[in-house]
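Student: What follows is a predicted protein model with its sequence.
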Amino acid sequence: MTGRIISIHSFRGGTGKSNIAANLAATAALAGKRVAVMDTDMASPGIHVIFGMGRKKMKYTLNDYLRGDCDIGQTAIDMTEKLGIKPGKLFLIPSSMTATDITRILREGYEISDLRNGFNDVIKQKDLDYLIIDTHPGLDRETLLSMATADYLYVVARIDEQDLLGTAATLSVARKLQVPEIRIIINKKPSIYEDKAIIKEVETKFKARVATIIPLLPLLIEVGSRYIVTLRHPESEFAKSMTDLFKVMS
């Protein structure tokens, strides 16, 4: 299998997209796959915090690669041993959290072709089964690229009218870009809603399948993005949802 690109997207922030991307990557690695998760949300990066790298200085980030200061392979941090993952491999490709780097990328931008080449090159260099992309919320050129190159697109939404309207716009764009596989993830579902009713309404309205429904779980509130839940709580309902997502893309 050549490396597949999995894009995790949401129209608005705060949907739990980064948490899903990190935990899905860990789930795939635990299943024996070679996986990298890339943070392309350069305006508000943070997935590295979930990997326990929040206070650690990283030698190279995606920003360095896009400036031409390093090769994409040098940005990939091997997290396998640190996280105790067997039998697969898990790499993290972070974006910089320094104010200088964030301001610079917002002010100067970058060549979109460099990002596209980075996707392909890191898949080859690290012999990846999956490259999971944690995208910037909304619709911008980076998002469009991650969609256009994706084999699978997971759109994360809450039971919220603004989220659902944004999801409709995202799905419309994804279909125009001819993304091969599109699924919806309903996250942070309040207990008052029934899963079957949600699936019926969402799939009828959006003409896209629901990959999984993740309830509003006290465990996730308690964890607060401090670590990867699937590694510490493999029997949790959230971990089972990540397994469901992995099965869809396998």
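Tutor: Everything's here; your move.
Student: pLDDT (mean, whole number) over the host helix or strand of Ser241?
Tutor: In this assignment (DSSP states H and E), Ser241 forms part of helix 237-249. Helix 237-249 shows a mean pLDDT of 95.
Student: any idea how far the residue in the chain sticking out farthest from the centre lies from Ala36?
Tutor: Note on the chain: the largest C-alpha distance from the chain mean falls to Ile192, namely 27.5 Å (Cα atoms, centre = their mean). Note on Ile192: its distance to Ala36, by Cβ to Cβ, to the nearest Å, is 38 Å. In short, each C-beta sits where N, CA and C put it, glycine included.
Student: can you check Phe119 too?
Tutor: 10 Å.
Student: Identify the contacts common to those two.
Tutor: Leu131 (Cβ atoms under 8 Å, 6 or more residues apart in numbering).
Student: neighbour-wise, which of the two wins?
Tutor: Between Phe119 and Ala36, Ala36 has the larger neighbour count (other Cβ atoms under 10 Å), namely 29 against 21.
Student: leaving aside the residues next to it on the chain, what's closest to that one?
Tutor: Phe91 (4.0 Å; Cβ to Cβ, 6 or more residues apart in numbering).
Student: How far off centre is the helix or strand hosting the one you found?
Tutor: Secondary-structure assignment from DSSP H and E places Phe91 in strand 89-93. Its chain's average C-alpha position is 13 Å from that of strand 89-93, according to Cα atoms, centre = their mean, to the nearest Å.
Student: which element follows that strand toward the C-terminus?
Tutor: Next element after strand 89-93 (DSSP H and E): helix 99-108.
Student: which strands and helices sit next to the following helix or strand past that next one?
Tutor: Note on helix 99-108: by DSSP H and E, the next helix or strand toward the C-terminus is helix 112-125. Where contact means 3 or more Cβ pairs under 8 Å, 6 or more residues apart in numbering; DSSP states H and E, helix 112-125 is packed against strand 34-39, helix 62-66, strand 130-134, helix 141-149.
Student: Dump the ones you listed into TSV; add distance to Thr75 and mean pLDDT as well.
Tutor: Below are the helices and strands packed on helix 112-125 laid out as TSV (distance: least, Cβ to Cβ, whole Å; pLDDT from 0 to 100):
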stretch	distance to Thr75	mean pLDDT
strand 34-39	9	98
helix 62-66	5	95
strand 130-134	12	97
helix 141-149	16	89
